[in-house]
Structure formats: C-alpha cells, structure tokens
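Enquirer: Fold the stuff below for me.
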Amino acid sequence: MQFSTEHMAFFANRQDAGRQLAERLAGRHDPDPVVLALPRGGVPVGYEIAVRLDAPLDVLLVRKLGAPDFPELGLGAVVDGEPPQRFLNERVIEAVQPPRGYLEAEEQRQLQALAERRRLYRRARPALPLQGRSVILVDDGVATGGTMRVALQALAASGARRIVLAVPVAPPTVLSTLPVPPEDLVCLLMPSGFQAVGQYYTDFDQTEDDEVIALLDRAPRAPQDPQRRSALRS
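Expert: All right, here's what the predicted structure looks like:
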C-alpha cells in the first residue's frame, strides 16, 4: 500500500527515527564503526544507532562563517578538529565582497564558539580517533545540505576508511549533490514535496544542550567485543 509523503509525519520523534535508521544500518556489517552526530538534533538520532550497533558516539562540530549583517548567509564554514578545517564558498564571497580582515575575524569568532561547544559536550573526553575506521555521519534530516556537505568534506580528510551518511529524511535533489556514493547513503525517506525536516516528525521540539550531554555520557565510548557486536547486529 502506498501513501502520500506530502503531509504525513513518518517519525514519532528523533528517537524513533534513530531506531529505524539503526535497523537499516545493522545489516551493513561495517567493521568497527564510529557514529558521529551533528548537534544538536542529530545526537538523539545518533544515540539510538550507537546503542543498536554497540558503537562509540561522538559529535562533529561545524560552524558557519556568516556574512556581514547577514549571519545566515554562509561565506564558508569551519569544522572542529586537530587542526580545524576551513571551507570557503568563493562564489558567495565574490558576491558579498566582505571588508578586508572580516573573514579572519569571523573565523576566529567561530573557532572560539567551536571550542566552547567542545568543552560543553565532551568535557575532558578526547575526540574519537577516526583513522582507518568506518564513520557513520548522522543528523535528524537534511534540508539545504550546506552543513552536511562541509562535514563530509572534512571527514574525507580524516583518514576514515569509509564514510556512511545516515539520515531519516532529505530531498532527493539535495542528496544527489552530496559527496557520498550511493552505496554509502542510507536515507529512509526522500519526498519529492520536501519543505522542511520537521514536517516528517510528530514531535520535533528543539534538542537542548542538557539532552546532548546526557546522551553522550550514556552512549558507548569504546569498541566492545566483536562477537557481542555481531550478535547485536543479527
């Protein structure tokens, strides 16, 4: 039986979306995966996947470089890491023509914000190592794809063995532009009439920092016994 995807909520909440994604991912058998969630809304989704796969959970922190007087217009972005990575949108920069020194000052401001987020969410925990690992990048949905595109570009330089993008819902026109091969894309719902991520959730209340911190504290932090992981996936 087929249903219209235009005005129907397919997920009760982010936890429900995460559990549905986890069931799909459990059959992939990616060895020794790490789940990376984009905060804040991606963390409840990623938590359910991490628990189902018995995989460690961490956050990937991305900050937009906002244009002068129009902070929602991205001149680029910075991604947390050692060292942080900067990505510039030359087309937007050429159109905006920011004043001399603006980009450097904006980058420093956003790097400070990244450091504050890192301390809040990870506290004393180090970032999970990605070298040679399978990484599952998670959010609660994709709209324009700008943040996800930058995140994928940053992970491409991380040394990860494989990068899988897992999201509950996204417009197919945006998914086709993201730098991830089709075999490494897991998306449960790709509606042609997409307007906003929240329209596909019954409960899409904002995820608060306290919830992010609590989920990161409860999530697996290190690989467990391979036989146990195999049993969980079966």
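
Enquirer: can I have stretch 151-168 written out in PDB, keeping just the CAs?
Expert: Coordinates of each C-alpha in stretch 151-168 appear next as PDB, following Å, rounded to 0.1, in the frame of the first residue of the first chain:
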ATOM      1  CA  ALA A 151      31.000  17.800   7.300                       C
ATOM      2  CA  LEU A 152      31.500  15.200   4.600                       C
ATOM      3  CA  GLN A 153      34.400  17.200   3.000                       C
ATOM      4  CA  ALA A 154      36.100  17.400   6.400                       C
ATOM      5  CA  LEU A 155      35.700  13.700   7.100                       C
ATOM      6  CA  ALA A 156      37.200  12.900   3.700                       C
ATOM      7  CA  ALA A 157      40.500  14.300   5.100                       C
ATOM      8  CA  SER A 158      40.200  12.400   8.400                       C
ATOM      9  CA  GLY A 159      41.700   9.100   7.400                       C
ATOM     10  CA  ALA A 160      38.500   7.300   7.900                       C
ATOM     11  CA  ARG A 161      38.300   4.000   6.000                       C
ATOM     12  CA  ARG A 162      34.700   4.500   4.900                       C
ATOM     13  CA  ILE A 163      32.100   7.300   5.500                       C
ATOM     14  CA  VAL A 164      28.400   6.400   5.600                       C
ATOM     15  CA  LEU A 165      25.800   9.200   5.600                       C
ATOM     16  CA  ALA A 166      22.600   8.200   7.600                       C
ATOM     17  CA  VAL A 167      19.600  10.500   7.800                       C
ATOM     18  CA  PRO A 168      15.900   9.900   8.300                       C
END
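
Enquirer: Tell me what residue 169 is bridged to.
Expert: Using DSSP bridges, the bridge partners assigned to residue 169 are residue 189.

Enquirer: Next one: it, what pLDDT does it get?
Expert: Residue 169 carries a pLDDT score of 97 in this model.

Enquirer: thought residue 140 was touching residue 203?
Expert: No: counting by CB atoms under 8 Å, residue 140 does not reach residue 203; the two are 11.4 Å apart. C-beta here means a position set from N, CA and C on the backbone, and glycine is covered the same way.

Enquirer: Those two: which is more packed in?
Expert: residue 140 (27 against 12; other CB atoms under 10 Å).

Enquirer: Look up the closest residue to the more buried one, ignoring the ones flanking it.
Expert: When the adjacent residues along the chain are set aside, residue 140 lies closest to residue 41, with 4.0 Å between them (CB to CB, 6 or more residues apart in numbering).

Enquirer: Pull the contacting residues for the one you found.
Expert: 14, 139-141, 206-207 (CB atoms under 8 Å, 6 or more residues apart in numbering).

Enquirer: What subset of the residues you listed is buried?
Expert: Those of the contacts of residue 41 that meet the buried threshold are 14, 139-141, 207, by 16 or more other CB atoms under 10 Å.

Enquirer: Pull the contacting residues for residue 144.
Expert: residue 174.

Enquirer: Assign a three-state SS to it, would you?
Expert: Counting by DSSP: H, G, I helix; E, B strand; the rest coil, the backbone at residue 144 sits in coil.

Enquirer: Done for today, thanks.
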